[in-house]
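> predicted coordinates and the sequence they were generated for:
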Number of protein chains: 2
Amino acid sequence: MFKLMILEKLRDKNRQVVRELAWDIGIKPDYVNMLINELQKNFLINVDRGIVYWNPADNPSTLKPWGWNLEHRMVVGSTQEVARGRGPWSVIVAEYMLLGRGRHGKKWICSLGGLWVTFKIPVDSVTASLAPILLPVILVRIFRKNYDVPAGIKWPNDIIIHDKKIAGILLEAEAFKDQILLYIGIGLNINNDPPLETTTSLKKVLGRLTPRNRFLSLLIGWISRMRKLAEDQDEIRKSYLKYLETLNKNIVAKTYSGEVSGRVVDVGEGGELIVEAQEGLKILDPVTTIELRHTK
Amino acid sequence: MFKLMILEKLRDKNRQVVRELAWDIGIKPDYVNMLINELQKNFLINVDRGIVYWNPADNPSTLKPWGWNLEHRMVVGSTQEVARGRGPWSVIVAEYMLLGRGRHGKKWICSLGGLWVTFKIPVDSVTASLAPILLPVILVRIFRKNYDVPAGIKWPNDIIIHDKKIAGILLEAEAFKDQILLYIGIGLNINNDPPLETTTSLKKVLGRLTPRNRFLSLLIGWISRMRKLAEDQDEIRKSYLKYLETLNKNIVAKTYSGEVSGRVVDVGEGGELIVEAQEGLKILDPVTTIELRHTK
């Protein structure tokens, strides 16, 4: 709570005197210093002679993406819900989500220093139907090309590095007549310390903090061009399959109709997995698959 | 947390559309409605056809006391600490305190709907030394005259009704040369539900919610005139003794040098209690007395 109060104070003015920060929040300067020490583990914050400084490249408030309305919030229920009240071409970034959700209503565990974002964009139906495979492809490319880390896709659309989850995608849509509004929720473990064994963060992989606005700008750039990218469906499908680490792996999946385990031998046209199980071929689709684990 | 987010949104505009509130905070409208229901137990908030309305008389932000700087905050560490960074004639009101303190560093348990305030005023040394008895007298008078409830003082400066605590005072001071800056911290159980058996609130006593700004204005009015009031020392001492319920009561006290129990027979010039204990007369002073309980 105090950490978020400090971040909030730093948001509007990048520089703040520690003493004034302490006075504003109503806690002792020593305690503020201790909290800033803690914050430095997850944010690019420096302290020099009693003045705190939040690197603007790590502070999403400083980002003014052309053609977008960016809203940077400290605490929200969920960025997806905030986006409902906003117009198209909105980006909602929150430092902390109290009701973060993942696919199938699973709770998304939030920690400080990640990027929790929702993009709200109008799309045509082709782009909308391609989004579930286009977005993981975009994320993997950013990780690989701009950060030089060996990211891959875990079916259907988690991003993993060395089989540990580094990003998740939650897609929701609203349709008005032939207009589709897409809500792209993306949770990225950048400088946070994700609490689960099965997850990792860019900080962990790179061994240092990285300015979040670079990742965010790259992402905004790609998402701005989604309609254009969606024109080359074949290329996207090929990339998706190339990055899909689940292919040819042994898996265990939990579905609404029971457990499936076996070897993934193919991906269908609609994105469904073809699994060679002991009892024969099985088909897994994203809608009815609750959980999937790669095994040896 | 969500309750405070809703209050914060209502603070600046008294009227808010429930749907917009939900969108802004990022939670579903149904959940907002439920939280507003909860808030109505402790705040004068009405809902009419999807519009929420916070009675301005209960919203401290609407108060502009002449000659004072009033700052209304949602969450702070402690109002006393916030006041340190402000000039004289500041009033800090918080809806929630994370590090609220009482006398002897005891934790003050905070709940929504009370008045948690610090007044920072410059005083002369006479007023400063009288403040510990003048302030409880002021509070008792407001309770008695303006709310018609039988408030009294529990030594040294708690305010009680039917022997249950309804208000507490924390006095701190800074001195620069002959100038004294007084930090008057007052915690008032107005519309909150205090969590302890030994405490009560105005809501409980009156059986209904009461607009907090009336109490706050009365208090500001009296505190503005403290220097003037302090001129009649005798009258204040007399009133203090008249309201002091601890006088002639049996008590048990915890002091730094052990427990004292007996009957209170007098109050000394310096405000110390004279207790008739089995082992003879005992003197209790506020500085070394940690806790005091009235017994039968």
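Nice, I can see it. Numbers count the residues shown, from 1 in each chain, chains lettered A, B, ... in the order given.

> from now on I want contacts and neighbour counts done on CA atoms only, so please keep to that.
Noted.

> contact residues of the stretch 151-296 of chain A facing chain B?
Not one residue of the stretch 151-296 of chain A sits near chain B, judged by Cα under 8 Å from any Cα of the partner chain.

> what about the strands in the stretch 151-296 of chain A?
A:151-154, A:158-161, A:164-176, A:179-188, A:250-255, A:258-267, A:273-277, A:280-284, A:289-295 (DSSP state E, counting those that start in this stretch).

> among those strands, show me which one is buried the most.
Of all the strands of the stretch 151-296 of chain A, strand A:151-154 carries the top mean neighbour count, a mean of 26, counting by mean count of other Cα atoms under 10 Å in any protein chain shown.

> break chain A into its domains for me.
Per automatic domain parsing, the domain ranges recorded for chain A read A:2-54, A:60-243, A:250-295.

> which stretch among those comes nearest B:P132?
domain A:2-54 (23.5 Å; Cα to Cα).

> got the domains of chain A as CSV, with mean pLDDT and distance to B:Y240 columns?
Compiled in CSV, the domains of chain A are given as follows (pLDDT from 0 to 100; distance: least, Cα to Cα, whole Å):
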stretch, mean pLDDT, distance to B:Y240
domain A:2-54, 92, 32
domain A:60-243, 92, 47
domain A:250-295, 89, 69
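
> A:N42: what secondary structure?
Look at A:N42: counting by DSSP: H, G, I helix; E, B strand; the rest coil, its state is coil.

> that one contacts A:L209, doesn't it?
Yes - contact criterion Cα atoms under 8 Å: A:N42 and A:L209 qualify, at 7.1 Å.

> which residues do these two both contact?
Any residue near both A:N42 and A:L209 by Cα atoms under 8 Å, 6 or more residues apart in numbering or on different chains counts here, and that gives A:N191.

> turn the domains of chain A into CSV, columns for distance to B:K238.
Compiled in CSV, those are given as follows (distance: least, Cα to Cα, whole Å):
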stretch, distance to B:K238
domain A:2-54, 37
domain A:60-243, 52
domain A:250-295, 74
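
> B:V126 is nearest to which of those?
Using Cα to Cα, those put domain A:2-54 closest to B:V126, at 28.3 Å.

> show me where the stretch 1-150 of chain A has its strands.
Under DSSP E, counting those that start in this stretch, the stretch 1-150 of chain A gives strands at A:15-17, A:45-48, A:51-54, A:69-76, A:90-97, A:115-123.

> mind giving me TSV with those strands and columns for mean neighbour count and distance to B:R11?
Listed next are these as TSV, based on neighbours: other Cα atoms under 10 Å in any protein chain shown; distance: least, Cα to Cα, whole Å:
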stretch	mean neighbour count	distance to B:R11
strand A:15-17	17	26
strand A:45-48	16	31
strand A:51-54	18	29
strand A:69-76	19	17
strand A:90-97	24	22
strand A:115-123	24	27
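
> could you dump these into a markdown table with distance to A:I290 added?
Listed next are the strands of the stretch 1-150 of chain A as a markdown table, based on distance: least, Cα to Cα, whole Å:
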| stretch | distance to A:I290 |
| --- | --- |
| strand A:15-17 | 45 |
| strand A:45-48 | 39 |
| strand A:51-54 | 39 |
| strand A:69-76 | 26 |
| strand A:90-97 | 22 |
| strand A:115-123 | 22 |
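
> wait, which of the ones you listed is closest to chain B?
Nearest of these to chain B, taken as Cα to the nearest Cα: strand A:69-76 at 5.3 Å.

> ok and that closest one relative to strand A:90-97, angle-wise?
20 degrees (axes from the mean of the first three to the mean of the last three Cα atoms, to 10 degrees).

> residues in contact with strand A:69-76?
A:4, A:7-8, A:60-61, A:63-64, A:82, A:89-99, B:25-27.

> closest one to B:A173 among the strands of the stretch 151-296 of chain A?
Short answer: strand A:179-188, nearest of those by Cα to Cα, at 48.4 Å.

> distance from the closest one to the middle of the chain?
Strand A:179-188 sits 11 Å away from the centroid of its parent chain (Cα atoms, centre = their mean, to the nearest Å).
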